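Novice: what follows is a predicted protein model with its sequence.
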There are 2 protein chains.
Amino acid sequence: GETLYVGQYLVERLAQLGVTKMFGVPGDFNLGFLDFVEDHPKIDWVGNCNELNAAYAADGYARVHDGKLGVLTTTFGVGELSAMNGIAGAFSEHVPVLHIVGVPSTGQQKAKPMLHHTLGDGRFDAYYKVAQEITISQATLTSKENAAAEIDRVITDCLVLARPVYLMLPTDLAYERIPSARLKTPLNTQPPENDPDVENFVLDEIVKLVDEAQNDVIILVDACAIRHGVKNEVKELYERTGYPVYAAPMGKTAVDESYERYGGIYVGSISHDAIKEKVENAKLILSIGALKSDFNTGNFTYHIPVTRTVEFHSDHTRVQFAGFPGIGMKRLLPKLTQRLQPFKEGAVGLEVGKYIPEIPKEDTDEITQTYLWPRVGKFFKSNDVIVAETGTSSFGILDIPLPAGATFLSQILWGSIGWTVGSTLGAAYAAQDRGLGRTILFIGDGSLQLTVQELSVMIHRGLKPIIFVLNNSGYTIERYLHGMDRKYNDINNWRWTKLLETFGGEEGKTVKSYQVRTKQELSDLLDDQTFDSAEVIQLVEMIMPQKDAPRALKVQAELSGKSNRYAAEILTETVRLK
Amino acid sequence: GETLYVGQYLVERLAQLGVTKMFGVPGDFNLGFLDFVEDHPKIDWVGNCNELNAAYAADGYARVHDGKLGVLTTTFGVGELSAMNGIAGAFSEHVPVLHIVGVPSTGQQKAKPMLHHTLGDGRFDAYYKVAQEITISQATLTSKENAAAEIDRVITDCLVLARPVYLMLPTDLAYERIPSARLKTPLNTQPPENDPDVENFVLDEIVKLVDEAQNDVIILVDACAIRHGVKNEVKELYERTGYPVYAAPMGKTAVDESYERYGGIYVGSISHDAIKEKVENAKLILSIGALKSDFNTGNFTYHIPVTRTVEFHSDHTRVQFAGFPGIGMKRLLPKLTQRLQPFKEGAVGLEVGKYIPEIPKEDTDEITQTYLWPRVGKFFKSNDVIVAETGTSSFGILDIPLPAGATFLSQILWGSIGWTVGSTLGAAYAAQDRGLGRTILFIGDGSLQLTVQELSVMIHRGLKPIIFVLNNSGYTIERYLHGMDRKYNDINNWRWTKLLETFGGEEGKTVKSYQVRTKQELSDLLDDQTFDSAEVIQLVEMIMPQKDAPRALKVQAELSGKSNRYAAEILTETVRLK
Ligand SMILES: Cc1ncc(C[n+]2csc(CCOP(=O)(O)OP(=O)(O)O)c2C)c(N)n1
Ligand SMILES: Cc1ncc(C[n+]2csc(CCOP(=O)(O)OP(=O)(O)O)c2C)c(N)n1
Ligand SMILES: [Mg+2]
Ligand SMILES: [Mg+2]
């Protein structure tokens, strides 16, 4: 029958799954494979400036590409290890990323010569062992007999489990020929069916609780609703039942924030009173896709007893104290929606707690955090993709409801600064594929320094994100956690408005850069129609006060200070060794 | 007795060992510890733009600081994993780097809450397991009782074994008080004594072979002679015996290259004939600190049989086929020198093969590789620190003998591009401490894009390296390995001469940038006294032909193509799947 190269098989599988971009950096162990990528009509090679940025890009691409995987290719050792933090972040935050690594030939892996990019001691499996700690599934191709099956296995795991996977592709194997017949069967990436008996039992239990709650039910949506692909199922549920719906920070935009019965973001003690009260007093909380990390829960301050909670997850369900392994939400939710529809009449009577911050009147001209977020809130349009970096940005933006169809990206559990730059690149591409709106990034001056070079890829690829740089002279979020006036929280100031030009743009033509120092300047820029239409990549440096932070960050810092404080802070003076 | 905090103990130990700089990036799990660093009178905190660059900086610092360790501090998960490739490189190339990671408190590590920077599944030991693969020794501090001993253990391993080590410092433990008495005993970082009986036997064996060789003996010096601190012992050996001495690429500048009986670089088949002949025909080769990696040996083309070789290593010796574990060169070499001194009279008669490339007369004005390296060779001064990035730079510079006291840095085994930028930062600091000359970097346009932001730290810290950027429109070294005209080997061109200004310098004042397009322009610049004196940081963009490579690279590409080639290259056409 027909045959093709193993490397082609891999690329072809990705194309079948709708992958349009592959990120990464070439290296001599992957160059041969990249020929197949470059020659493929449907997949575009996006060369990144470095591998960490490539991992971030694949992650951002997958997040916005709802249900498609992000892919990066790196080279043995030096490349793959550079990407580690990005891959680990995808693991932590449930993002399906395939990491393909070009590795020495199968012969070299047996003979173990002291090749470049090795540790020099013959351990050719060391990076594989590293990958085992931060990916959900791994394969090292060793023979053409099972290469296709192994490729299919890791790709399937990647999508079904929504976690990163690792694939070692030896130089010689990429060029072994195998039958192409297997490609005719598409991969099944749907979660398995639930056991019908258990599922029915669970449904009965939930309906009983809903009944007992006498319409005092709310829905709380979190990260895994997005990552495990149940946004539509959740929408059906809240629309057909009419129950008020709230989101955790990591679930922001899982629910359309313009929906009239959407109440806002719930973050335990950090929540606004109106929201906190409604959520915590509900008789029953249907919690969907919860990921209860410190920053996602107001430092573990949920005041919702287990007895009032049903938790829906990708691979299990929990009704009060009872766990039901294997009962996944993708199959369960539609059935639940059907069972709960009859309750709608009562449910819609429930009032939705809501808090929408207003643009404050302040004495100062400075661009404060309290001003910034409500103001940019008015700038957003439907279908915008909005990315917020860890720091004052990720905290500040939470309260601002985003328009219909908006997608929000942030890394609230993993929290690796610099992530948004690569991630914005990937997100912008996915937004393009999906016909979404503008891609808008908010990033601190500190964070941008980690991964800044990836702006050049955006420029050269003609992507048009708007990048708001919060120039507040350093690591403000950290000042609030520890060392308000410490030098280690300072950074080196850059000429931010020269970045795009330096990276190859034509200022005023292919790129535009702005600096704003006052509320008025910012507001005028946001009102400018040309700016608004985002026809070229734009960078806005906003000069902001150094020690200003959004309310949510201040409270969070308070809370985590308590659980994580340094003994020395309790002492009145630090005793120094003489 | 007197007490101090665990964090202070750690900083104090480093200060005792002569560490003057600590690199890294703050994060909430290390901020408390950084207070001790910032407050310490002898150690300076150098905040890097990102963690990979910090690891590279610590590596470069250690390499130039002969026998001192490089230190970086990062934060749990996001920070430490970002530094991985840098740490692995230090492992591969035998560089003593201490990686301190601020981690959650001991209580949190037991309770395992879903903290930010965790993988979200309670595995608090995952990063430790990762570190085990790429460091020689690890410690996670768990109680104040053994904290000091554990700190001492990993620091000692770091220096004695010349490899990176990993230290987890929990937030609470950094602030536990412990007795300071232990600090009064300095750490013993000398390698252990050799067993005298075995050592004598080995000496006798070597002297016998030398005798039989009838003065036809040469000395070949490699990486580990530098890393395991025997440069002085080696110098004594070659000066007192008079044997011709050669170096492998990774051993470049282990021997003063201005020494009259230094013959140049031996790289197997890639060597110049004059050198190759002398080395391979010698009756006996005293090989010191060999690290026989592919690029260090001309792709494993040493033509020196084991029967004519004595190998000296940090922890063992090999005489022909006989191995002597535990017989380390630091102790052995001085004794050998004494025993071999009597041979000097005969040895000095031996002629030294040498090859010194001349500046060629060429038809073209373009700055070619054959022109560049001999030309800059004339620009170097004694005690300069010269750093060459993987790419055409690392291959091109090999043939050029460097002046007396020069230090050469390159990453020939690990070969992670971008490494030189961070590493130049660390090297420049170490050079400052040691009163060395200018720090001069050669880096390709592709490589600089990976880690470019670290230039800003050099600018703001007032360091004054000279940075030569080889702008040859992409990944030229890779073109020679595979895909000469492939798009994946192209990069995005930047306005290189605007970089320093963008990162905060005052062009023409605190920073200077130049672009040269012809031999004449380059030559004039190199002759300029102000440029030569390197009073501010300077960047020189050199426009060079895209497909030009140094001779050594062309031959290496030839050789490695053979062992590592892609099947497809043998085929006349690539069959595509329809
Ligand atoms: C890779 C990585 N390194 C270090 C940290 C620790 N960290 C968290 S936030 C932050 C400072 C962010 O500063 P900036 O981007 O300027 O934000 P803002 O000032 O608006 O808070 C740092 C260093 C991290 N989260 N990730
Ligand atoms: C971290 C890392 N990623 C990828 C590679 C693969 N690689 C080796 S050399 C090279 C290209 C270097 O290009 P450049 O710096 O422009 O050098 P030149 O053109 O002078 O050869 C690449 C991508 C690597 N060695 N390390
Ligand atoms: Mg900031
Ligand atoms: Mg280049």
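Specialist: Received, thanks. Ligands and ions are numbered 1, 2, ... in the order given.

Novice: right, and residue A:73 touches residue A:100 too?
Specialist: Yes. Applying Cβ atoms under 8 Å, one finds residue A:73 in contact with residue A:100, separated by 4.4 Å. To be clear about C-beta, it is placed using only N, CA and C from the backbone, and glycine gets the same treatment.

Novice: strands along the stretch 201-350 of chain A, start to end?
Specialist: A:217-221, A:245-247, A:262-265, A:284-288, A:309-312, A:316-319, A:322-325 (DSSP state E, counting those that start in this stretch).

Novice: tell me the residues of chain A that contact ligand 1?
Specialist: A:389-393, A:415-418, A:444-447, A:470, A:472, A:475-478 (Cβ under 6 Å from any ligand atom).

Novice: stretch A:26-42 - what's its average pLDDT?
Specialist: The average pLDDT within stretch A:26-42 is 98.

Novice: follow-up on the earlier one: please indicate which of the residues of chain A next to ligand 1 are buried?
Specialist: A:389-393, A:415-418, A:444-447, A:470, A:472, A:475-478 (16 or more other Cβ atoms under 10 Å in any protein chain shown).

Novice: of those, which belong to strands?
Specialist: A:444, A:470 (DSSP state E).

Novice: right, and residue A:410 touches residue A:249 too?
Specialist: Yes. Taking Cβ under 8 Å as the definition, residue A:410 is a contact partner of residue A:249 at 7.3 Å.

Novice: shared neighbours of the two, which are they?
Specialist: residue A:394 (Cβ atoms under 8 Å, 6 or more residues apart in numbering or on different chains).

Novice: from residue B:46, how far out is residue A:8?
Specialist: Noted for residue A:8: a distance of 47 Å to residue B:46, by Cβ to Cβ, to the nearest Å.

Novice: more neighbours: these two, which one.
Specialist: For residue A:8 and residue B:46, the more surrounded residue by other Cβ atoms under 10 Å in any protein chain shown is residue A:8, and the numbers stand at 26 against 21.

Novice: does any bit of stretch A:99-109 sit next to ligand 2?
Specialist: No. Judged by Cβ under 6 Å from any ligand atom, stretch A:99-109 stays clear of ligand 2, getting no closer than 9.7 Å.

Novice: dump that stretch to PDB, restricted to CA.
Specialist: Output of stretch A:99-109 as PDB, limited to C-alpha atoms (Å, rounded to 0.1, in the frame of the first residue of the first chain):
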ATOM      1  CA  HIS A  99       6.300  19.000  22.600                       C
ATOM      2  CA  ILE A 100       8.200  17.300  19.700                       C
ATOM      3  CA  VAL A 101      11.900  17.000  20.300                       C
ATOM      4  CA  GLY A 102      14.400  16.200  17.600                       C
ATOM      5  CA  VAL A 103      16.900  13.800  19.100                       C
ATOM      6  CA  PRO A 104      19.900  11.800  18.000                       C
ATOM      7  CA  SER A 105      19.400   8.800  15.800                       C
ATOM      8  CA  THR A 106      18.400   5.400  17.300                       C
ATOM      9  CA  GLY A 107      21.800   4.200  16.600                       C
ATOM     10  CA  GLN A 108      23.500   7.000  18.500                       C
ATOM     11  CA  GLN A 109      21.100   6.500  21.400                       C
END
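
Novice: just the buried positions in that stretch, please.
Specialist: Those would be A:99-106, A:108-109, for stretch A:99-109 by 16+ other Cβ under 10 Å.

Novice: what is the mean pLDDT for that stretch?
Specialist: Here the average pLDDT along stretch A:99-109 is 97.

Novice: how far away is the residue of the stretch 251-400 of chain A found nearest chain B from residue A:483?
Specialist: Here the residue of the stretch 251-400 of chain A nearest chain B is residue A:293; by Cβ to the nearest Cβ that distance is 4.4 Å. Look at residue A:293 and residue A:483: by Cβ to Cβ, they are 24 Å apart.

Novice: looking at these two, which one has more neighbours?
Specialist: residue A:293 (27 against 21).

Novice: which ones are touching the residue in chain A that ligand 4 sits nearest to?
Specialist: Here chain A gets closest to ligand 4 at one residue, residue A:26, 12.2 Å apart by Cβ to the ion. By Cβ under 8 Å, 6+ apart, the contact list for residue A:26 reads A:34, A:47, A:75, B:475, B:478, B:483, B:488-489.

Novice: give the closest residue to it in space, chain neighbours not counted.
Specialist: Nearest residue to residue A:26 in three dimensions, chain neighbours excluded: residue B:488, at 4.9 Å (Cβ to Cβ, 6 or more residues apart in numbering or on different chains).

Novice: count residues in the vicinity of the one you found, would you?
Specialist: Neighbours of residue B:488 (other Cβ under 10 Å): 23.

Novice: that one reaches residue A:45, doesn't it?
Specialist: Yes. Applying Cβ under 8 Å as the test, residue B:488 and residue A:45 come out as touching, 5.5 Å apart.

Novice: who touches both of the two?
Specialist: Joint contacts of residue B:488 and residue A:45 (Cβ under 8 Å, 6+ apart) are A:34, A:37-38.

Novice: out of those residues, who's nearest chain B?
Specialist: Nearest member of the shared contacts of residue B:488 and residue A:45 to chain B, counting by Cβ to the nearest Cβ, is residue A:34, at 4.8 Å.

Novice: contact partners for whichever residue of the stretch 101-250 of chain A sits closest to ligand 3?
Specialist: Closest to ligand 3 within the stretch 101-250 of chain A is residue A:249: 19.7 Å, counting by Cβ to the ion. For residue A:249, the contact set (Cβ under 8 Å, 6+ apart) comprises A:265, A:267, A:295-296, A:394, A:398, A:410, A:412.
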